[in-house]
Each structure stands twice: as C-alpha cells, then as structure tokens.
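> below is the sequence, then the predicted model.
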Amino acid sequence: MENPECPQCGNSLANGVAVCGACGKEVEVDEIALPAKENDKEKKPGTQKVYAVLVVFLVILGGMTILIFIGLLPKPIKSFSTAAIVNGEKISIAELDQKIDIYKKMSGQNSQLVSATPEGKAAMANTRMQLLNKMIQEKILVTEAAREKITVTPQEIAERIAAIKQSMKFSDKDFAAFLKNHAMTPTNFEKRIEKDILIAKLIVKGTQGNGLTTEAFIEELNKKAKVEVFDK
C-alpha cells in the first residue's frame with residue numbers, strides 16, 4: 001500500500017506522521033489524500049464513449065415510453081399479425097385474410113379487378129371492415145360461451161352436419177363438392193358448426209335466464225366486451 005500525501009505540498013508522508021517534514025503543516029487524519037489508483041488514472045480508451053451512447057439510448061427509450069403512454073406514439077402491441085383483440089383473444093390478420101379469400105371465391109370477385117380502381121379499393125376496404133366486425137361479434141359470443149363453461153360434444157356436431165346434408169339433399173360426394181366450392185375443409189366446417197352451436201346455446205341461456213330478447217342480450221355483451229381493433 002502506498003504512503004499518503006501531504007494535502008499542502010504533496011510530499012509523501014510516513015504512516016502515522018502528524019506533521020509534514022517538507023512544509024511543516026500539521027496534518028489531520030481526514031485531510032490525508034490517498035494517491036489515486038493507477039487503474040483510475042488510466043481508464044480504458046473508448047469507455048466514456050460507450051457510456052455516452054448508452055445514456056443517449058436510455059434517454060431515447062425513456063422518451064418513447066412516455067410518448068406511447070400519453071398516446072402520441074402507437075402501442076407496440078399493434079403488430080403486423082394482429083387484426084383485433086377481443087376479451088383477451090386475438091383475431092389474426094391471417095384469419096381475416098382467409099375470410100376475405102372465401103368471400104372473393106363465393107362472390108366470384110377477382111382480387112386484381114377489385115383493386116384496379118379507387119372505388120374498388122374503397123369497396124374492398126369496406127368489405128374487409130364488415131367481415132372483421134362480424135368476426136369480432138362472433139369472438140365476443142364465443143368467449144362469453146367459454147366463460148359460461150358452455151360446451152359442444154362431437155355427437156352434437158355430427159348430428160348437426162347430418163341434418164344439414166339431409167335438408168340440402170347432399171350425398172357425401174355432393175357435400176365434399178360444396179365444401180370445396182366454399183374453400184372449406186371438413187375440419188373447418190366442423191369448427192364452424194361447433195361455434196354456431198356454442199352461440200345458440202349461449203343465447204338461449206342468456207335470454208331465458210335474464211328475460212332479454214336476443215338483440216338486447218347481445219347488446220349487453222357488446223357493452224361489456226373489451227375490444228381493440230388494429231386493422232383499419
């Protein structure tokens with residue numbers, strides 16, 4: 001360990017010495033200056049630059065956080081994969097695009113023709129929003145059915161599909177062609193039927209239990225729903 005220095009003349013003092021031998025100053029213990037460590041004197045080159053960049057980055061990041069919080073910047077949750085979030089459940093852009101594709105195939109619209117004019121683009125944007133609103137409404141009902149612990153059995157789904165085939169007088173081959181024309185697989189159709197049954201059960205339970213009409217019950221659910229729309 002190196003000897004302390006005199007605070008007045010800088011002379012090296014022996015340990016325990018109370019008077020500097022060079023200048024005669026009486027030295028108090030709390031006045032003794034210890035020499036700076038060699039590591040402190042020789043700071044690594046570039047360290048100060050790194051610290052400066054880090055400070056600037058933190059300031060920018062903090063500023064962005066504040067702007068997001070007060071609403072001047074969009075929330076980062078708005079991603080390219082999310083169309084909307086309903087009661088904590090995500091509706092993806094991919095799901096919405098699939099609905100658009102089915103709509104085009106069913107209506108016989110060509111995507112290039114639709115987007116060829118400003119009117120066509122506006123019409124497609126309007127259709128996209130209408131389909132998204134339908135998906136949001138469906139999601140509100142389905143999430144409420146889940147909250148109410150309403151379930152559908154595989155037998156109920158099979159019976160509903162059999163009834164549809166019978167009412168439309170479809171053979172298995174006709175039914176397969178019907179699904180293909182509507183851009184649906186058997187699994188997709190079964191999920192569609194499951195949702196329909198869930199929603200029907202929910203409405204029966206909600207209207208009978210609360211003495212409301214179907215419209216009034218759905219309106220109540222819509223008021224309580226937490227909906228964030230990102231695809232606009």
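On my side now, so go ahead.
> quick one: the helices in the chain?
Using DSSP state H, the helices assigned to the chain run over residues 38-41, 47-70, 93-107, 111-114, 118-147, 154-167, 172-181, 186-210, 214-224.
> list the buried residues of the fifth one.
Neighbour-count burial for helix 118-147, counted by 16 or more other CB atoms under 10 Å, picks out 124, 127-128, 131-132, 135-145. The C-beta positions use only the backbone N, C-alpha and C, and glycine is treated the same way.
> for this protein, give me the ranges with low pLDDT.
The chain contains residues with pLDDT under 70 at 1-4, 7-8, 10-11, 13-80, 108-115, 232.
> domain map for it?
Domain assignment for the chain, taken from automatic domain parsing, gives 1-42, 44-76, 82-229.
> need the CA coordinates for stretch 169-178. PDB is fine.
Only the C-alpha atoms of stretch 169-178 are listed here, as PDB (Å, rounded to 0.1, in the frame of the first residue of the first chain):
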ATOM      1  CA  LYS A 169     -80.300 -33.500 -50.000                       C
ATOM      2  CA  PHE A 170     -76.500 -33.800 -50.300                       C
ATOM      3  CA  SER A 171     -74.700 -37.100 -50.800                       C
ATOM      4  CA  ASP A 172     -71.200 -37.400 -49.400                       C
ATOM      5  CA  LYS A 173     -69.800 -36.500 -52.800                       C
ATOM      6  CA  ASP A 174     -72.100 -33.500 -53.100                       C
ATOM      7  CA  PHE A 175     -71.200 -32.300 -49.600                       C
ATOM      8  CA  ALA A 176     -67.500 -32.600 -50.400                       C
ATOM      9  CA  ALA A 177     -68.000 -30.500 -53.600                       C
ATOM     10  CA  PHE A 178     -70.000 -28.000 -51.600                       C
END
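> pull the residues that contact that stretch.
Ile164, Lys165, Met168, Pro186 (CB atoms under 8 Å, 6 or more residues apart in numbering).
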